[in-house]
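Trainee: Got a predicted structure here, sequence first:
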Amino acid sequence: MLSCRKQLISRLLRRQASTLARGGYVEVQEEQGQPLKYPQVWLRDNCQCAECFHAATRARKSHWERGPINQKVSQVAYNQEKKQLEILWQDKHKSSFDLAWLRERDFGEAARERYLSEVYKPRAEIWGKSEFEAVRREFQYEDVIQKDAVLKDWLEALAIQGFAILKGAPNDVNVARHLANRIGYIKRTTYGDVFEVKSKPNAGNYAYLMTPLPLHTDMPYYEYKAGINILHTLVQSSSKGGANTLTDGFNVASRLRKDFPEDFEVLRTVPVNWFDIGHDGDQAQPFHSLWRSPVICLDVDGAITRINQNTTKRDSRFSVSMDEAIAWYRAYDRFLELAQSEAVEFKTQAGDVFVFNNLRMLHGRTAYEDAPGNKRHLVGAYVDWDIIYSKLRTLKFPNAKD
């Protein structure tokens, strides 16, 4: 009787985990659900034993020269008690994998999508002018500084909607710095770790004039472009002007991709020369920043990931053929037409902090005139998205092991 029972259990385990040498993968069939399949080479490469993996540093110890691609499975079994897949390789090496660990790394489409949207990066939700009020998120400055749950919500809003407004910030020139440090690390640029946006004599940047500031992204002339822009309004102009303008650049690019694919392709492929030459103030070090990149940039999955647009920082040098330049101007004109048609306008007040995704949002400002005793004055800072995503993950997954 006992022998029959052991044989039955053995047959069940063989059904739950089997190897298909022809396909080069191992299949784990749970009691319920779809089978999980893993390449043999991936399993060997990710062996979790002490010889192959250093748990304290979450680092793979094995060397590719050991030839995991040439090692095949000799035996495979599923340990029901430990909930582990156990493998004996042809070179007598042994590996075991927790089923929960395997399930999180399932090669199926649903698991891949879940990881990319929940762990890797939240998916951006594009919006147009008519949706602005619905997607606008406001937070209290002190809540973001003091409460991790609010900090997480704020960072998710920046990742998903692309902007948010903080209310109630103190009259302190260090507000932008405090927010950057609350996330992680400030990004220092040729304009310093923090910068002031106000009318300046001998201005070294177009933003320091009182003239209209057209829709743009900051620093397209940087290969490692600033991720978010933190703009704290210390003093707002009492004139009618000085209002913020904003357009979702990802929405504009998506509309081009759908309705004008030829223009989209031109703006995706033709590199533009972006530049910034000068110095910020009489005592500042001179700079000469150059970068060539298209207006629309895609990531490895084909999603829109970066918009470069800054008329004031677009070089007169255009290092492409004449035919490409002519086609680019036609497509660029379409892009600007759509961007301007989708622009919203609002005016921050003293104590507001306007924060937005600088890789995505086109922002600008209407003209204004400083009044005696009321000089429009903003203080800004930048933080890179690498730092923001890292902070967001530590807030969402505080107990993550790997």
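Mentor: Okay, I see it. Quick caveat, the model's predicted, so the values are computed rather than measured. Numbering: from 1, shown residues only.

Trainee: Run a quick neighbour tally on the nearest residue to Leu378 once chain neighbours are set aside.
Mentor: Nearest residue to Leu378, sequence neighbours excluded (Cβ to Cβ, 6 or more residues apart in numbering): Val197, at 4.1 Å. Just so you know, the C-beta spots here come from the backbone N, C-alpha and C atoms, and that holds for glycine as well. Counted by other Cβ atoms under 10 Å, the residues lying close to Val197 total 19.

Trainee: Pretty sure Val197 sits against Tyr368.
Mentor: No - using Cβ atoms under 8 Å, Val197 makes no contact with Tyr368, being 11.5 Å away.

Trainee: Can you tell me how far the residue nearest to Leu378 is from Phe335?
Mentor: Going from Val197 to Phe335 by Cβ to Cβ, to the nearest Å gives 25 Å.

Trainee: Same question for Asp386.
Mentor: Counting by Cβ to Cβ - Asp386 and Phe335 are separated by 27 Å.

Trainee: what's the answer for Val150, then?
Mentor: Using Cβ to Cβ, one gets 36 Å for the distance from Val150 to Phe335.

Trainee: of the two, who's got more company?
Mentor: Per other Cβ under 10 Å, whichever of Val150 and Phe335 has more neighbours is Phe335, with 25 against 16.

Trainee: could you say which helix or strand contains that one?
Mentor: In the assignment (DSSP states H and E), Phe335 maps to helix 322-341.

Trainee: mind listing the helices for the stretch 201-350 of the chain?
Mentor: 249-259, 261-269, 322-341 (DSSP state H, counting those that start in this stretch).

Trainee: Could you list the alpha-carbon positions for the first one in CSV?
Mentor: Read it as helix 249-259. Extracted C-alpha coordinates of helix 249-259, given in CSV (Å, rounded to 0.1, in the frame of the first residue of the first chain):
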residue,chain,number,x,y,z
GLY,A,249,4.4,66.6,-25.0
PHE,A,250,3.7,62.8,-24.9
ASN,A,251,0.1,63.5,-25.9
VAL,A,252,1.3,65.7,-28.8
ALA,A,253,3.7,63.0,-30.0
SER,A,254,1.0,60.3,-29.7
ARG,A,255,-1.4,62.4,-31.8
LEU,A,256,1.4,62.8,-34.4
ARG,A,257,2.1,59.1,-34.4
LYS,A,258,-1.6,58.3,-35.0
ASP,A,259,-2.7,61.1,-37.3
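
Trainee: So which bits of that helix are buried?
Mentor: 249-257 (16 or more other Cβ atoms under 10 Å).

Trainee: Distance check, the nearest residue to His288 once chain neighbours are set aside against Lys313.
Mentor: Spatially, and ignoring its direct neighbours in sequence, His288 is nearest to Ile277 (5.1 Å; Cβ to Cβ, 6+ apart). The gap separating Ile277 from Lys313 is 10 Å, by Cβ to Cβ.

Trainee: More neighbours: which of the two?
Mentor: Lys313 (23 against 13).

Trainee: That one and Phe275 touch, don't they?
Mentor: Yes - using Cβ under 8 Å, Lys313 is in contact with Phe275, at 6.3 Å.

Trainee: Next, the angle from the helix holding Phe335 to helix 261-269.
Mentor: 100 degrees (axes from the mean of the first three to the mean of the last three Cα atoms, to 10 degrees).

Trainee: helix/strand/coil for Ile145?
Mentor: Three-state call for Ile145 (DSSP: H, G, I helix; E, B strand; the rest coil): helix.

Trainee: How about it: what's its closest non-neighbour residue?
Mentor: Arg182 (5.9 Å).

Trainee: What are the phi and psi values at the one you found?
Mentor: With angles defined as degrees, to the nearest 10, Arg182 sits at phi -60, psi -30.

Trainee: Pull up the gap between it and Val144, please.
Mentor: On the measure of Cβ to Cβ, Arg182 and Val144 end up 7 Å apart.

Trainee: now the strands: where do they sit in the stretch 51-200 of the chain?
Mentor: 53-54, 59-60, 73-79, 84-89, 94-98, 138-140, 163-167, 194-197 (DSSP state E, counting those that start in this stretch).

Trainee: The ones you listed: which one's closest to Phe346?
Mentor: strand 163-167 (8.6 Å; Cβ to Cβ).

Trainee: and that closest one, which strands flank it?
Mentor: strand 138-140 (parallel), strand 353-357 (antiparallel) (DSSP bridges).

Trainee: what comes up buried for that strand?
Mentor: Per 16+ other Cβ under 10 Å, strand 163-167 contains these buried residues: 163-166.

Trainee: Tell me which two in these are the farthest apart.
Mentor: Phe163 and Leu166 (11.0 Å).

Trainee: and Leu158, how many neighbours?
Mentor: Residues near Leu158, counting by other Cβ under 10 Å: 25.

Trainee: Distance of it relative to Ile228?
Mentor: For Leu158, the distance to Ile228 - Cβ to Cβ - is 6 Å.
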